[in-house]
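[1] here is a sequence with its predicted model. Questions after.
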Amino acid sequence: MATFFGEVLSAYSRAVEEEEDDEDLEENEEDEQIRRELEEKREVHLHWSPEVSESLRSGNKLQCSDFVLAVGHNAARFLSVYVLTSANWDTVGHASVWNERSRAVTGQTNEESACVFYRHKDNPSVVICQVTCYIAEDQLFQWTEKVFDCLQHRELNVTVLSDSSVADYKTADYLCNSSAPFLRSLHTGTFSGQPVCQALEQPNIITGLPAAVLNHCQVHRISTVVYQCYSDVIGPDSVTMETYKPALTKLGKSIQVDCSPSTDILRKFVKTTDIQSNLYI
Amino acid sequence: MFISADNSPPSFKDFTLVMPAVAVGNVGQLAVDLIVSTLNMNRVGYIHTDCLIPMAGNNPYATCKEDAEEMHTPGEVYTAPELKLAVLQIRAPIIQTKSKKFRQLIMSWIKASGFSRTVVLSSSHAYQRDDRQMEGVPLRYLITPSLLKVSADALKELGWREMERVPAFLGLTDTNAEPRLCIPGGGITKGLYTDSCSEDLPLAVLLLFCSEGDNIPDAFTLVNHLNDWLHLLDNPAQEPNKWKIPTSWSLLFGSGIPPALF
């Protein structure tokens, strides 16, 4: 478009990237090799414990009746504080996902703790997964397919807890800060239970890993519900974490929710703001 | 790939398929929303693929509280059997590196389903029009040879203009380069059209020149032009067509304004 001063600026579209004419140009071998290597590096890899790997290798999928997935720091810490501290859980695997936003790994632990799977010791059909790393748009489908390929689908119930910012929540009446954090739910067609909170109203949508899981479960008819928590706090926050409590009450028989965790445990998981970020307290 | 929503797969034999291209202003997608919403179409299946960015939401065409809680995915197929019409709605961007794969997926699905014709609703950057394109109605069409055989008369009667080929090097008149088809901001439109030509598929493209902004009027313009050809809405009187705006079109430009701002 032309401006008042006579220069021409390209206008960007929110829908499409610029022309993909170059896609059909021949790439030389070196470019193609770089592209292939980059694609391989971006592949999602699942690493299971020896027992689970053995079972999968012999063709038996993980027997799972309840799968709880936490996406985001507050959702993951909620599970750590309220569920996993009971020490009745075995770590059965982790997923390694690399993309441009992955920080440089300082030792293996960083990568390993970003996406971990746990299984209940007494009730091994209950599996929990915490995802705190960023999974890129082109990796979401792959992550979902690979994980669900390992779980048996019959009578599987999936619950997803997901963090979101209240700034992304659209409503006609402006929301006062006092109503955040709050939950909204979205479920697949085969979900027959009663969600513990209001349904996500139009025109709000869910994106990212929870959406990829919902898409997969909808087409494969797996009973799934996502509880999205809209919070006005960016970092880890105990009030936001508590908001997830009702989401697990129905799984009470399978998952013991510690209703009043000690302050020591809470303190361990809710770090005070980092020094470098106290510009915005 | 296509996954049926019911236990038995639907039949698309001899149906007309209308689909959007994710393009500037999302005009094609908005137009498709109007069609599904007005004709009260039923969802019959999903396009489940790694080529679209995942998203999920409740029923965008909800009319009452009872049907509001129905989950929808980024690629869905709706039908109106009495009109022999099928509609594909795409609600998410195509992952950049996968656009060729997505085109091939759509082409093979179209071929396997037996659609009698496909109409792609699209748009192109208004600011890149040349002098000829800045005059008259901003609607253009493209049609593959196999569909032209059947629809040549209808197109002649409608008086639409075919999308012009542009010179390869603008401003240079003494080169031998052939004028070529260019649809800036059209996403996969050009690719779908050229692939359909080479594979002899009956496909037409209907596009509007537009810019980003409030594209609702553009969607109405495009869908009215489409209706002039396909007669989706029966309108004996010369009144403007009554298209129903879906509930998902609320708050397109953000939430209500906080009073504390003032």
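    Perfect, thanks for sending it. No experiment lies behind these values; they were computed from the predicted model shown.
[2] who's in contact with A:Asp66?
    A:Asp66 makes contact with A:125-127, A:156-159, A:251, A:254-255 under the criterion Cβ atoms under 8 Å, 6 or more residues apart in numbering or on different chains. C-beta coordinates here come from the backbone N, C-alpha and C atoms, glycine included.
[3] low-confidence ranges, the chain, go.
    Went with chain A since none was named. Low-confidence segments of chain A, defined by pLDDT under 70: A:1-3, A:8-14, A:16-27, A:103-113, A:175-178, A:252-255, A:257-259, A:261-265, A:267-281.
[4] could you do chain B instead?
    B:173-175, B:235-239.
[5] tell me the strands in it, going along the chain?
    With DSSP state E as the criterion, chain B has strands at B:2-4, B:16-20, B:42-47, B:55-57, B:75-80, B:85-90, B:117-125, B:139-143, B:203-210.
[6] need these in JSON lines (columns: mean neighbour count).
    Converted to JSON lines, the strands of chain B look like this (neighbours: other Cβ atoms under 10 Å in any protein chain shown):
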{"stretch": "strand B:2-4", "mean neighbour count": "17"}
{"stretch": "strand B:16-20", "mean neighbour count": "24"}
{"stretch": "strand B:42-47", "mean neighbour count": "20"}
{"stretch": "strand B:55-57", "mean neighbour count": "24"}
{"stretch": "strand B:75-80", "mean neighbour count": "22"}
{"stretch": "strand B:85-90", "mean neighbour count": "23"}
{"stretch": "strand B:117-125", "mean neighbour count": "27"}
{"stretch": "strand B:139-143", "mean neighbour count": "21"}
{"stretch": "strand B:203-210", "mean neighbour count": "24"}
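[7] make JSON lines out of these and add distance to chain A.
    Listed next are the strands of chain B as JSON lines, based on distance: least, Cβ to the nearest Cβ, whole Å:
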{"stretch": "strand B:2-4", "distance to chain A": "5"}
{"stretch": "strand B:16-20", "distance to chain A": "10"}
{"stretch": "strand B:42-47", "distance to chain A": "5"}
{"stretch": "strand B:55-57", "distance to chain A": "4"}
{"stretch": "strand B:75-80", "distance to chain A": "9"}
{"stretch": "strand B:85-90", "distance to chain A": "11"}
{"stretch": "strand B:117-125", "distance to chain A": "7"}
{"stretch": "strand B:139-143", "distance to chain A": "17"}
{"stretch": "strand B:203-210", "distance to chain A": "10"}
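[8] distance to B:Lys149 added to these, as CSV?
    Listed next are these as CSV, based on distance: least, Cβ to Cβ, whole Å:
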stretch, distance to B:Lys149
strand B:2-4, 27
strand B:16-20, 16
strand B:42-47, 29
strand B:55-57, 39
strand B:75-80, 26
strand B:85-90, 21
strand B:117-125, 11
strand B:139-143, 10
strand B:203-210, 12
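[9] so which of those strands gets nearest A:His47?
    strand B:55-57 (28.2 Å; Cβ to Cβ).
[10] which other helices and strands does that closest one contact?
    Packing partners of strand B:55-57 (3 or more Cβ pairs under 8 Å, 6 or more residues apart in numbering or on different chains; DSSP states H and E): strand A:205-207, helix A:208-219.
[11] which helices and strands does the last one pack with?
    By that I understand helix A:208-219. strand A:66-71, helix A:137-150, strand A:157-165, strand A:223-231, strand B:55-57.
[12] for the first one, same thing?
    When contacts are defined as 3+ Cβ pairs under 8 Å, 6+ apart, strand A:205-207 sits against strand B:55-57.
[13] centre of the chain to the strand it packs on, how far?
    20 Å (Cα atoms, centre = their mean, to the nearest Å).
[14] that older thread, looking at the contacts of A:Asp66, which is nearest B:Thr49?
    The closest of these, once distances to B:Thr49 are taken by Cβ to Cβ, is A:Val158, at 20.8 Å.
[15] tally of neighbours for that closest one?
    As a burial measure, A:Val158 scores 25 neighbours (other Cβ atoms under 10 Å in any protein chain shown).
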